[in-house]
Structures are given as C-alpha cells and as structure tokens.
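>>> this is a predicted model, with the sequence first.
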Amino acid sequence: MNLTLKVWRQNGPADSGRMMTYQVKDVSPDMSFLEMLDVLNERLILEGDDPIAFDHDCREGICGMCGMVINGVAHGEQRATTTCQLHMRHFEDGATITIEPWRAAPFPVVKDLVVDRGSFDRIIQAGGFISVPAGSAPDAHSLPVKKDDADDAFDAATCIGCGACVAACPNGSASLFTAAKITHLGLLPQGQPERDARAVAMVEQMDLEGFGGCTNTGECTAVCPKGISLDVIGQMNRDYLKAAR
C-alpha cells in the first residue's frame, strides 16, 4: 500500500505546531498503525530528520498509552479498537490519513502526538485508597457479591485511561473516565467505606483539572476502545449527589 500521511508536528507546548505531509510506500496491510509509523520514523532518522513522537507501550490494547486522532476519530474509525490494534488493512491503497494528538486543554501537547495525561493520574490520586485488612487473601466466596454488581464493576474496570473519551467529547469532558473509576469500586463491598468521599473528591479534582461538563452527547462511549457505557456516568452522578447531601 502507498499512503499519504498528514501528521501534526509540534516541538513543545509553546510551539504553535503545524501539519506535515509524508509519503509512505510499500506498507503491508498486516502492519499495525504504530508499525507503519515505526517504518516512517526509521526513514526519517536515516534522512536526518526528527522522528514523529508518539506514545506507546504494550501494543496489545491494554495499557492505554497509545492515543491519536486518526481521520478525525479518536483511535480511528474501527470500533472498540485502540490505535495499536488498528491494522492497515482497514485503509485503502492511496488513502490520505490525517493524524493528530488528543485535543483538550487538560492534555497539553508535549511533542507531536504525545500529550501529558497527568490530569488523569491526579483524578485517581484524589480518590485515595480503599480500606482493606492486611494479611493473607480471604477464602473464595467469603464475601458474596451480586452477579449484576460484579459484572457492572468488571465492565467499568476495563477502562485503560487512554483519554479517547476526552478527545472525542465536544466539551472535553473526562466524565466517562472518572465515572468508570468511581463505579468499579463503588459497586463492590471493598469500596464502600470511602465510597462517598471518593466520589466527591474525584469529581471535584476533575473540575479543577479544567475538564468540561457532560451533556450526554455519547461521543465518549462511541470511541471508547473498551465500550464502557454511559450508565457509569449516571452512577457517578447519583453517588456524587448522595454524598454531597
């Protein structure tokens, strides 16, 4: 495959940035999107140019490190797929592909496609710890959990913190991410002692970081690689209102 890439290049937070055009030839349809960028970067290095900076780690769709807006869609148009798991066979030969970083004020650009997602870390830190007794693991099934609650908690816990929800939201809201973290502990017995304090602290930290409010447009769940439902935002709002009272 022969492709034309339009890639956002930015030297740092103070740089205004610009789109740069690159031609990439002989791309295997079996390559992942990041492998295609690796090939381009190898060529740029050999030519003495600065390689394109982008985040990545596990390349298995688990860690949440990779993240870029591909043709205007966070992680690309393939549903429930992270950038690292997106393969070139989903693109046409001769296609023009636009690649940009997450766009949100709380995600300042570090360089090119790399953004600082430390705001997510601070939201989690605001939630604190759960009260658990030290010692050996408890016996299996010693603490019964309703099946529906266990399923919902597991679904919420699949959030990998990639930030696609923020990039897709017209308000730049982190509600889906924050709600997933609040919900997966709030539905389990281990999360009950700090449930109210956790909800208030994490929501307030989300606001302090400068994220926008949720208006239920649903763009976040549409691009979420784990398919997390808007239901978690409703659960977060209920927990917050109950705790605030």
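Ah, there it is. Numbers count the residues shown, from 1 in each chain.

>>> run through the protein and note the low-pLDDT ranges.
For the chain, no stretch is flagged by pLDDT under 70.

>>> and the strands in it?
Applying DSSP state E to the chain gives strands spanning 3-9, 18-24, 69-70, 73-74, 96-100, 109-111, 114-115.

>>> right, and those strands - which one's nearest Gln85?
With respect to Gln85, and counting by CB to CB, the nearest of the strands of the chain is strand 69-70 at 12.4 Å. Any C-beta I mention is one placed from the backbone N, CA and C, and that applies to glycine too.

>>> note down every partner strand of that closest one and its orientation.
strand 73-74 (antiparallel), strand 96-100 (antiparallel) (DSSP bridges).

>>> centre of the chain to the first one, how far?
Using CA atoms, centre = their mean, to the nearest Å, the mean C-alpha position of strand 73-74 is found 11 Å from that of the whole chain.

>>> again with the longest one
Taking the mean of its C-alpha atoms, strand 96-100 sits 19 Å from the chain's own mean (CA atoms, centre = their mean).

>>> and it with strand 18-24, angle?
140 degrees (axes from the mean of the first three to the mean of the last three CA atoms, to 10 degrees).

>>> coming back round to it: among the strands paired with strand 69-70, which comes closest to Gly212?
Once the strands paired with strand 69-70 are compared by CB to CB, strand 73-74 is nearest, at 15.5 Å.

>>> follow-up on the earlier one: mind putting the strands of the chain into JSON lines with mean neighbour count?
What follows is the strands of the chain, written out as JSON lines (neighbours: other CB atoms under 10 Å):
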{"stretch": "strand 3-9", "mean neighbour count": "17"}
{"stretch": "strand 18-24", "mean neighbour count": "13"}
{"stretch": "strand 69-70", "mean neighbour count": "20"}
{"stretch": "strand 73-74", "mean neighbour count": "22"}
{"stretch": "strand 96-100", "mean neighbour count": "18"}
{"stretch": "strand 109-111", "mean neighbour count": "19"}
{"stretch": "strand 114-115", "mean neighbour count": "22"}
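
>>> Leu86 is nearest to which of the ones you listed?
strand 69-70 (7.4 Å).

>>> with distance to Asp50 added, can I get the strands of the chain in a markdown table?
Listed next are the strands of the chain as a markdown table, based on distance: least, CB to CB, whole Å:
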| stretch | distance to Asp50 |
| --- | --- |
| strand 3-9 | 8 |
| strand 18-24 | 10 |
| strand 69-70 | 21 |
| strand 73-74 | 25 |
| strand 96-100 | 16 |
| strand 109-111 | 9 |
| strand 114-115 | 13 |
